[in-house]
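Enquirer: What would the 3D arrangement of this be:
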Amino acid sequence: MQLRFIPSLLAAAGLAAAVPMASTQQEVGNTVPAIAGLPAGARAAAAGIDGERIRAHVRFLSLDLLEGRGPGTRGGELAAEYIATQFALAGVEPAGDDGTYFQRVPLYAVHTVEDKTKFAFVPADGAVLDLAYGDEIVAKDQTGQPTAEIDAPIVFVGYGIDAPEYNWNDYAGPNGKDIDVKGKVVLVIVNEPPSQDAKFFKGAALTYYGRWTYKYEEAARRGAVGVLIVHRTDLASYGWDVVRNSQAVEKSYLEGDPSATLRAAAWIQHDVAQRLLTMSGMGDLDRAIERAGVPGAFHAAELPVRLKAHIESRVRRYVSANVVGRVAGSVSGGNAVLYTAHYDHLGIDPDMKGDNIFNGAADNGTGCGILIEIARAFAQSPVKPPHDVYFASVTAEEQGLLGSQYLGMHPPVPAGQMGLDLNFDMLLPIGIPRSVNLGGAERIDFWPMVETAANSFDLKLLPDPSPMAGHYYRSDHFSLARVGIPAFSIDQGDLFAGHDLAWGEAQVADYETHHYHQPSDEYRADWDFRGNAKLARFGFVLGWQASEQTKPIEWLPGDEFEAARKASEKAGSSQ
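Expert: Coordinates of the predicted model:
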């Protein structure tokens, strides 16, 4: 699809990008270390990555003019056209549909009409409990229908997980048989059973079973009409404001997605869930959560309470686009490398007073700026990469990784021929990083080369500071991993040049508390983009090294994505 084009605006943007830019800050550490196997031409191309170019991209993409880059909106289309224009200026070939840079992603958007949507708990005996929408409950009707009427029993199913490999089934009743939840509403706890045993839900690290998306999918597979996820800040790793803000705007779904069947995909406040358990005679919620995480201590049970709801939605069907480009390698076919970063954000909340544009400067203007600059470096390198390199700025990440999900279902080359995906998402421009978090990289056999490259760039490899947050499953690389492609995000750690670890932790905490998924995530002229450039150079080198591999990069034996990788390679060899 050719998106609407704004000639004067993008011509100006293109002109600005075509003119060499002088750095306004002295680049510190912009040299690229000599690494075995890295050609001098590739090293020079990486060294030419410019933080001030990244700054210019971030500034433009986060202007109010782009209206928060909501997918399927004018601002989202402007962002896609801008990125495609930058690819074209750099010499990156189109790799989307029909010879364009755009891969069509068919979607429909659902916006809950808050003042006309009602929820209540109706006990078998006693008073009805009306819920305050926004403060106590938020929900979406996944089906894309304008109205939904629900009057259904509530079944408490603990964490809502069925994991045979861990001998765990929250849907089993006291007799060991699964409780029928068809046409009912399930109440589930956010996350998964706590564990320190690496063989049981991977210990402290969150698996996909703990993600809210899995809980919706599993309930839908079992025919439930709705899901109520109990929010507790320490378990979710983010506050209720994040949930409320994410749900206050449109939520999109892929057309034809068989898992999007819930009439009420909802979250409820911890205190509301406590009142539900109290009226059900089940006592203290936190004690119930504790029991639900102990093997054999919990069984699913239907509560003597029904959920009654009327949900009204504004629905629009539209096509957004992933922006996909290619730099040809010396050899095409097999062991291609993919770089990804989502360009969408939360758009505009029409019901919010004051500043209601979610500009998304850090999230994810930074990732887009890095992606565009890496693409330029590859395209203008004096030597070709060993194999083809693809660049995809994807849509609808904030809606549930939908653009990357579609990309994974329809990759530019078969998944079995993709060697590696490197993703960039929300890298704060606050200085030069001395550490990185590369969660998931240790799960592939390319890991030793990652370690060597990080050491060469003076980047300490820090462990995930909050493994129970499940960060691996919350960004676009996950969509590629699900189809077997080795994938991870390059994320800065909390250690920065000239500061101690506490300083970095404080900066990240301040952003997450005051700016993450809020209108205040806006471009700042005092941001320091030298760190973004350093991580872009690091990512360039990793991608080049992955492209040099003589055999496919693999997931380590026993990894949850190993089977998908083998299946994709088998499918690729038969084509």
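
Enquirer: what's the span of stretch 331-349, first residue to last?
Expert: One end of stretch 331-349 sits 47 Å from the other (C-alpha to C-alpha, to the nearest Å).

Enquirer: Can you tell me the number of residues neighbouring the nearest residue to residue 153 once chain neighbours are set aside?
Expert: Nearest non-adjacent residue to residue 153, counting by C-beta to C-beta, 6 or more residues apart in numbering: residue 184, 4.9 Å away. No exception for glycine: its C-beta is placed from N, CA and C like everyone else's. Applying other C-beta atoms under 10 Å, we find 22 residues neighbouring residue 184.

Enquirer: and residue 184, what is it in contact with?
Expert: If you count contacts by C-beta atoms under 8 Å, 6 or more residues apart in numbering, residue 184 has them with 152-155, 224-226, 302.

Enquirer: switch to 7 Å and redo it
Expert: Going by C-beta atoms under 7 Å, 6 or more residues apart in numbering, residue 184 touches 152-153, 155, 224-225.

Enquirer: For those residues, which single residue is the most surrounded?
Expert: If you count neighbours using other C-beta under 10 Å, the busiest of the contacts of residue 184 is residue 224, which has 26 neighbours.

Enquirer: Let me see the confidence value for that residue.
Expert: For residue 224, the pLDDT comes out at 98.

Enquirer: start at 23 instead
Expert: In the new numbering, first residue 23, that becomes residue 246.

Enquirer: Next, it: secondary structure please.
Expert: Here residue 246 is coil, with the state taken from DSSP: H, G, I helix; E, B strand; the rest coil.

Enquirer: I figured it hits residue 208, correct?
Expert: Yes - at 5.1 Å, residue 246 and residue 208 qualify as touching, with contact defined as C-beta atoms under 7 Å.

Enquirer: Report the residue spans of the protein with pLDDT below the cut-off.
Expert: 23-52, 490, 594-597 (pLDDT under 70).

Enquirer: give me the number of residues near residue 290?
Expert: Number of residues near residue 290 (other C-beta under 10 Å) recorded here: 24.

Enquirer: residue contacts, the most centrally placed residue in the chain?
Expert: Central residue of the chain (C-alpha atoms, centre = their mean): residue 497, 2.4 Å from the mean position. The contact partners of residue 497, taken as C-beta under 7 Å, 6+ apart, are 445, 447, 511.

Enquirer: Relative to residue 140, how far out is the residue nearest to residue 175?
Expert: For residue 206, the distance to residue 140 equals 19 Å [C-beta to C-beta, to the nearest Å].

Enquirer: again, but for residue 240
Expert: Computed as C-beta to C-beta, the residue 240 to residue 140 distance reads 27 Å.

Enquirer: Name the residues that touch stretch 144-161?
Expert: By C-beta under 7 Å, 6+ apart, stretch 144-161 touches 134, 136, 139, 141-143, 265-266, 269, 286-291, 294, 297, 301, 326-328, 330, 333.

Enquirer: Pull out the buried members of the residues you listed.
Expert: When the contacts of stretch 144-161 are checked for burial by 16 or more other C-beta atoms under 10 Å, the buried set is 134, 139, 141-143, 265-266, 269, 286-291, 294, 297, 301, 327-328, 330, 333.

Enquirer: still on that earlier bit, ok, so of the contacts of residue 497, who is nearest residue 530?
Expert: Closest approach to residue 530 among the contacts of residue 497 (C-beta to C-beta): residue 447, at 13.8 Å.

Enquirer: from what I can see the closest one touches residue 389, true?
Expert: Yes - between residue 447 and residue 389 there is a contact at 5.0 Å, judged by C-beta under 7 Å.

Enquirer: Buried residues of stretch 571-582, list them for me.
Expert: Of the residues in stretch 571-582, 571, 574-577, 581 count as buried by neighbour count, 16+ other C-beta under 10 Å.

Enquirer: C-terminal to the helix or strand harbouring residue 413, what's the next element?
Expert: Element membership of residue 413, judged by DSSP states H and E, is strand 411-416. Next helix or strand after strand 411-416 toward the C-terminus (DSSP H and E): helix 424-431.

Enquirer: Among the contacts of stretch 144-161, which lie within strands?
Expert: Of the contacts of stretch 144-161, the ones assigned to strands by DSSP state E are 134, 141-143, 286-291, 326-328, 330, 333.

Enquirer: how about the residues you listed, which pair is most distant?
Expert: Longest span within the ones in strands among the contacts of stretch 144-161, C-beta to C-beta: 134 and 326, 27.8 Å.

Enquirer: just checking, residue 82 touches residue 105?
Expert: No - contact criterion C-beta under 7 Å: residue 82 and residue 105 do not qualify, at 10.2 Å.

Enquirer: Between those two, point out the one with more neighbours.
Expert: Neighbour count, other C-beta under 10 Å: between residue 82 and residue 105, residue 105 has more, with 27 against 23.

Enquirer: Now do the contacts for that one.
Expert: 345, 365, 390, 394, 415.

Enquirer: For those residues, give me JSON lines that also has secondary structure.
Expert: Formatted as JSON lines, those follow (three-state DSSP):
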{"residue": "345", "secondary structure": "strand"}
{"residue": "365", "secondary structure": "coil"}
{"residue": "390", "secondary structure": "helix"}
{"residue": "394", "secondary structure": "helix"}
{"residue": "415", "secondary structure": "strand"}
